[in-house]
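Asks: I would like the atomic coordinates for the input below:
(chains A and B)
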Amino acid sequence: DTEVTQTPKHLVMGMTNKKSLKCEQHMGHRAMYWYKQKAKKPPELMFVYSYEKLSINESVPSRFSPECPNSSLLNLHLHALQPEDSALYLCASSQVRLAGGDEQFFGPGTRLTVL
Amino acid sequence: RKEVEQDPGPFNVPEGATVAFNCTYSNSASQSFFWYRQDCRKEPKLLMSVYSSGNEDGRFTAQLNRASQYISLLIRDSKLSDSATYLCVVAGADSWGKLQFGAGTQVVVTP
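Replies: Numbers count the residues shown, from 1 in each chain, chains lettered A, B, ... in the order given. Predicted coordinates for the structure are as follows:
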C-alpha cells in the first residue's frame, strides 16, 4: 500500500475549468514533488517543495499553480489548461537527507484529460 | 546528449532466466542512484538504491561504476511478475532533489 495518496484518481476538465489535484503523505517527509508523465515517457519534474517552501519550478506555465499548506499536503491548482496538458500527474515525497537527493516515493497519480 | 541513457529494450526473458542491463549517466557530479520499476499506467516504485559497493536485494543486484559512469541491474530467476519498465534514476548533478530519469528499459518475462 502506498503511503502517498492522491485525489482524484481521474479528472476530466474543460479548458475553462478550474480544478485542484491533492496529495498527502504520511511518512514524515519534508520534501514533496509534482511530476507530469506522458505515455511511454519518463516523469518530468514540475515543482519541488522543501520544508514547505518552493525550491524548484521547472519553468512550468502559470496555468499550473502549486501550493504546500503544510508538510503533509501538496496541491496543484489547474486553470485554463490545454489539451496537451493531458497526462498522468504524479506526486512524490522524500526525506531531506542525502547530499544529492533522496529516494522519492510516488503516489498512484491523477490521470488528467483536458477536453 | 541525454543525462541518463538506457537501452529501451524490450528484453524478452524466459521465466527463470537471468537478465542484466545497464544505464549510463553523463554528469560525474551525480551523487545518488536508484532503480525504479514502473508497470503500465501505474506509478514508479522504488526497486533499490544503488551504493558504491554494490547491493543485492533478493533476486536483484545493482552495481555502480563511477569511473565509467554506469549503473547496472541484474535480475536472477526471472518471474512473470518482473515484467515492467525499469527506470534508471540519478540525482544530485544539478540541484538537490532534481532526479534525472532514464527513458526506461522494458523487460518482458515469458512463460
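Asks: going forward, measure contacts between C-alpha atoms and count neighbours the same way
Replies: Noted.
Asks: Can you tell me the number of residues neighbouring B:L73?
Replies: Residues near B:L73, counting by other C-alpha atoms under 10 Å in any protein chain shown, number 22.
Asks: confidence score at it?
Replies: pLDDT recorded at B:L73 is 97.
Asks: That one reaches B:R59, doesn't it?
Replies: No. B:L73 is beyond contact range of B:R59, at 10.3 Å (criterion: C-alpha atoms under 8 Å).
Asks: Let me see the contact set for A:G28.
Replies: Contacts for A:G28 (C-alpha atoms under 8 Å, 6 or more residues apart in numbering or on different chains) come out as A:S71, A:S72, A:Q95.
Asks: filter those residues to the buried ones?
Replies: A:S71, A:S72, A:Q95 (16 or more other C-alpha atoms under 10 Å in any protein chain shown).
Asks: Nearest to chain B among the residues you listed?
Replies: A:Q95 (9.7 Å; C-alpha to the nearest C-alpha).
Asks: Who's the closest spatial neighbour of the closest one, skipping the chain neighbours?
Replies: Distances taken as C-alpha to C-alpha, 6 or more residues apart in numbering or on different chains place A:H29 nearest to A:Q95, at 4.7 Å, with adjacent residues excluded.
Asks: ok, that neighbour touching A:S94?
Replies: Yes. Counting by C-alpha under 8 Å, A:H29 does reach A:S94; the two are 5.2 Å apart.
Asks: who has more neighbours, the two?
Replies: Remark: of A:H29 and A:S94, A:S94 carries more neighbours, 21 against 18, as counted by other C-alpha under 10 Å.
Asks: where does the residue of chain A found nearest chain B land on pLDDT?
Replies: Chain B sits closest to A:G100 of chain A, with a gap of 3.5 Å, by C-alpha to the nearest C-alpha. In this model, A:G100 is scored at 73, pLDDT.
Asks: cool, and A:T2?
Replies: 58.
Asks: Please name the spatially closest residue to the spatially most central residue of chain A (chain neighbours excluded).
Replies: Most central in chain A under C-alpha atoms, centre = their mean is A:W34, positioned 2.7 Å from the mean C-alpha point. Spatial nearest neighbour of A:W34, excluding adjacent residues (C-alpha to C-alpha, 6+ apart): A:C91 at 4.7 Å.
Asks: For chain B, give the residue positioned nearest to chain A.
Replies: B:G92 (3.5 Å).
Asks: which ones are touching that residue?
Replies: Counted by C-alpha under 8 Å, 6+ apart, B:G92 has contacts A:A99, A:G100, A:G101, B:A29, B:S30, B:Q31, B:S32, B:K98, B:L99.
Asks: what would these look like in JSON lines with neighbour count?
Replies: Converted to JSON lines, these look like this (neighbours: other C-alpha atoms under 10 Å in any protein chain shown):
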{"residue": "A:A99", "neighbour count": "14"}
{"residue": "A:G100", "neighbour count": "21"}
{"residue": "A:G101", "neighbour count": "23"}
{"residue": "B:A29", "neighbour count": "12"}
{"residue": "B:S30", "neighbour count": "21"}
{"residue": "B:Q31", "neighbour count": "18"}
{"residue": "B:S32", "neighbour count": "21"}
{"residue": "B:K98", "neighbour count": "22"}
{"residue": "B:L99", "neighbour count": "26"}
